[in-house]
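> Got a sequence here, can you model it:
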Amino acid sequence: GITCSNGITWSPDHTTMYYIDSPTKQVKAYPFDHDTGRLGEGRVIITIPEGEGSPDGMTTDMEGMLWIAQWDGYCVSRFNPETGERLLKVEVPAARVTSCVFGGDLLDELYITTARTGLPEEELRQRPLSGGIFRLKPGVQGLPSYSFGS
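Predicted structure coming up:
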């Protein structure tokens, strides 16, 4: 039942996994058992409104809020996963916002990636930074990233 698997991140306490299947325009939350690696039943917590693109990559900040890149949405949005409320919308000078992650020595910088693929020449002329990487100091810290083991 998966169409285009994208963003995945966890709550700060690792008890909830958040997941994006982009064409559905939804973010789901799954109870997560860290000891067994098992997921519980998922529930929709955020739906990206029509006309605002599709959710793509995402990350979590120290306050437990989700930062979601919006492909063809020209933005990254910060959402409260408990209420589904958008708390902040950060405009990006590129249509195809692909992902975001916290970095820097204090994890207080948000790095935002974008794509140029498939954009018409006119769009690329209007938005020449498409495909670039952007950095933002949003005033919150992120969680560290983890490597996958084999």
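
> alpha carbons only for contacts and neighbour counts from here, please
Will do.

> any idea which residue sits dead centre in this protein?
Geometric centre of the chain, nearest residue: Met58, 1.9 Å, by C-alpha atoms, centre = their mean.

> so it sits right up against Leu66, yeah?
Yes - between Met58 and Leu66 there is a contact under C-alpha atoms under 8 Å: 6.8 Å.

> OK, contacts around the closest residue to Glu52 other than its chain neighbours?
Nearest residue to Glu52 in three dimensions, chain neighbours excluded: Gly73, at 4.6 Å (C-alpha to C-alpha, 6 or more residues apart in numbering). Counting by C-alpha atoms under 8 Å, 6 or more residues apart in numbering, Gly73 makes contact with Gly51, Glu52, Gly53, Ser54, Ala95, Arg96, Val97.

> What's the PyMOL syntax to select whichever of those are buried?
Buried subset of these, written as a PyMOL selection, criterion 16 or more other C-alpha atoms under 10 Å:
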select buried, resi 53+54+95+96+97
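
> Could you export the contacts of Gly73 as a markdown table, including secondary structure?
As requested, the contacts of Gly73 are exported to a markdown table (DSSP: H, G, I helix; E, B strand; the rest coil):
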| residue | secondary structure |
| --- | --- |
| Gly51 | coil |
| Glu52 | coil |
| Gly53 | coil |
| Ser54 | strand |
| Ala95 | coil |
| Arg96 | strand |
| Val97 | strand |
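
> Right, I'll leave it there.
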